[in-house]
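**Student:** the following comprises the amino acid sequence and a computationally predicted model.
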Amino acid sequence: MSGTRSHWEEVYSTKSETAVSWFQPHSERSLELIASAMPDRASAIVDIGGGASRLVDDLIARGYTDLTVLDVAEAALEKSRTRLGREAGKVAWIAADITQWRPPRAYAVWHDRAVFHFLTEPDNQAAYLSALEAGTSAGSAVIMATFALDGPEKCSGLAVQRYSAATLAARLGPAFSLTGEASEAHRTPWGTEQRFSYATFRRRT
């Protein structure tokens, strides 16, 4: 994602969190998949690219106690901290480029809704996968959502790499076992449809 930090800082500095195409009042599909994959509310969860997402609000409300949110844009993280107020102290906030980040720990759940699909260059994909391997351990759940094969080719003016659950599994490699898949027709705030592909994995070793 080198070179895109300024892009995302501008997006979140100039637009309301509810005025971007990926906004969801509640990330119902992600919540369902997280609860199914790791019902223990003390499990460590990291949300990759979750800067201004309201997923963290709902995870706090549901009693999850070990939450980390990473985003390349400090402006996105600040929107969530402001929105949460005192509750923001229950979350570890990390401003970092995922392709350059080295996780300090292994997480029980690695969640990513629409970061990986922005990585269209093999080197950046490999850097992400290196972080994924460092940030998970045997038994960790990985939940990833990307634009589906029939989804948009661009988002926020940037090209994306579209995936099915099968092609995403092939890209993650044999260390991660595909355990489930789902599709979602996301409605943007202005009513257009974006097709997403969700895939869940369990790390083998």
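**Tutor:** Structure received.

**Student:** what's around residue 32, how many residues?
**Tutor:** Neighbourhood size, residue 32 [other Cβ atoms under 10 Å]: 13. No exception for glycine: its C-beta is placed from N, CA and C like everyone else's.

**Student:** local confidence estimate at it?
**Tutor:** Residue 32 carries a pLDDT score of 96 in this model.

**Student:** what ranges does this protein have for its strands?
**Tutor:** 44-48, 66-71, 91-95, 109-113, 141-147, 154-155, 158-159, 176-187, 193-203 (DSSP state E).

**Student:** can you list these in a markdown table and add mean neighbour count, mean pLDDT and distance to residue 135?
**Tutor:** Shown next, in a markdown table, are the strands of the chain (neighbours: other Cβ atoms under 10 Å; pLDDT from 0 to 100; distance: least, Cβ to Cβ, whole Å):
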| stretch | mean neighbour count | mean pLDDT | distance to residue 135 |
| --- | --- | --- | --- |
| strand 44-48 | 25 | 98 | 6 |
| strand 66-71 | 23 | 98 | 9 |
| strand 91-95 | 18 | 98 | 11 |
| strand 109-113 | 25 | 98 | 6 |
| strand 141-147 | 25 | 98 | 10 |
| strand 154-155 | 13 | 94 | 24 |
| strand 158-159 | 12 | 94 | 24 |
| strand 176-187 | 16 | 95 | 12 |
| strand 193-203 | 20 | 97 | 10 |
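
**Student:** any chance of CSV for the ones you listed, columns distance to residue 121?
**Tutor:** Formatted as CSV, these follow (distance: least, Cβ to Cβ, whole Å):
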stretch, distance to residue 121
strand 44-48, 18
strand 66-71, 20
strand 91-95, 22
strand 109-113, 17
strand 141-147, 15
strand 154-155, 16
strand 158-159, 10
strand 176-187, 21
strand 193-203, 20
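
**Student:** what segments of the protein are helices?
**Tutor:** Using DSSP state H, the helices assigned to the chain run over residues 5-14, 28-37, 55-61, 74-84, 122-134, 165-172.

**Student:** can you check which of these gets nearest to residue 178?
**Tutor:** Nearest to residue 178 among those is helix 165-172; the distance by Cβ to Cβ comes to 4.2 Å.

**Student:** now what about the closest one, what contacts it?
**Tutor:** 116, 125, 129, 132, 142, 144, 146, 149, 163, 176, 178, 181, 197-199, 201 (Cβ atoms under 8 Å, 6 or more residues apart in numbering).

**Student:** most widely separated two among these?
**Tutor:** Farthest pair in the contacts of helix 165-172, by Cβ to Cβ: 132 and 149, 21.8 Å.
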